[in-house]
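A.B. asks: Quick one: sequence plus predicted model below, questions after.
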Amino acid sequence: MKKILLSGLIIFTGVILISCGDQKETESTTTKDNADEQKITTEDIQVPDDVKKVASQLGEDKIPTEDLKVTQDNYYIDGEKTNVNLVKLLNSESTSSINAILNSDNKAAKEYKFNGSNSGTLMLLLAAVNSKLDTQVSKEIVNANDTNESVEKELSSDTSNVLFKYDPASDDHSMHATITLK
């Protein structure tokens, strides 16, 4: 009788352990599937040709066009935190950063965001997007350096609008520019 009771207890414990193991495996699979779904949303989005063209003209710190990828991130647009698809255009060792924010159908960039201290990289970006504002932005940088005062300007051309902020007294990432394409 004790053998039967002991055998039943061992079998019962084994069944419980196996069923608990199956439940954990199912949870893990579900979590993995959700993570794969999130990956698929950005991996399926191709980097637009206009973004590749701009990236190819950014100098030494650019990410090679074959290595560009679309990622999701949060940006403040018009004061609201918004989930956007973007392409990072400069490698992480650069003192500047440039992100191309894609339009709603992910077929082209709607704006480029620059942060950094290298005015040459900003000029390359302005020339690459054909904003025709590079000379005006250059003048603002020179004037701000001469007066050592910060500057915030909105500049406009037939192809783009540029919101430019510059603080010559700042050590790191003193220039910020948002280039919105028309």
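C.D. replies: Ah, there it is.

A.B. asks: So residue 50 versus residue 82, what's the distance?
C.D. replies: 21 Å (Cβ to Cβ, to the nearest Å). C-beta here means a position set from N, CA and C on the backbone, and glycine is covered the same way.

A.B. asks: and what of residue 109?
C.D. replies: 15 Å.

A.B. asks: hmm, back to that, name the residue in residue 50 and residue 82 with the higher neighbour count.
C.D. replies: residue 50 (15 against 12; other Cβ atoms under 10 Å).

A.B. asks: which outside residues touch the helix or strand hosting residue 99?
C.D. replies: Element membership for residue 99 (DSSP states H and E) is strand 97-102. With contacts defined as Cβ atoms under 8 Å, 6 or more residues apart in numbering, strand 97-102 is touched by 45, 48, 51, 54-55, 58, 70, 73, 75, 84-90, 108-116, 121, 125.

A.B. asks: pLDDT weak spots in the chain?
C.D. replies: 1-43, 172-173 (pLDDT under 70).

A.B. asks: what about 50?
C.D. replies: 22-40 (pLDDT under 50).

A.B. asks: Render the CA-only coordinates of stretch 116-132 in CSV, please.
C.D. replies: The C-alpha coordinates for stretch 116-132 follow below in CSV (Å, rounded to 0.1, in the frame of the first residue of the first chain):
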residue,chain,number,x,y,z
GLY,A,116,26.8,68.9,-32.6
SER,A,117,29.8,71.3,-32.5
ASN,A,118,31.2,70.7,-36.0
SER,A,119,29.9,73.4,-38.3
GLY,A,120,31.5,71.7,-41.3
THR,A,121,29.3,68.6,-40.8
LEU,A,122,26.2,70.9,-40.6
MET,A,123,27.3,72.6,-43.9
LEU,A,124,27.7,69.2,-45.6
LEU,A,125,24.2,68.3,-44.4
LEU,A,126,22.7,71.6,-45.7
ALA,A,127,24.4,71.2,-49.0
ALA,A,128,23.3,67.5,-49.3
VAL,A,129,19.6,68.3,-48.7
ASN,A,130,19.9,71.2,-51.2
SER,A,131,18.5,73.6,-48.6
LYS,A,132,20.2,76.7,-50.2
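
A.B. asks: Which of the residues in it are classified as buried?
C.D. replies: 116-119, 121-126, 128-129, 131-132 (16 or more other Cβ atoms under 10 Å).

A.B. asks: which helices and strands does the helix or strand hosting residue 141 pack with?
C.D. replies: Using DSSP H and E, residue 141 sits in helix 134-147. Packed against helix 134-147 by the contact rule (3 or more Cβ pairs under 8 Å, 6 or more residues apart in numbering; DSSP states H and E) you find helix 119-128, strand 151-156, strand 160-166.
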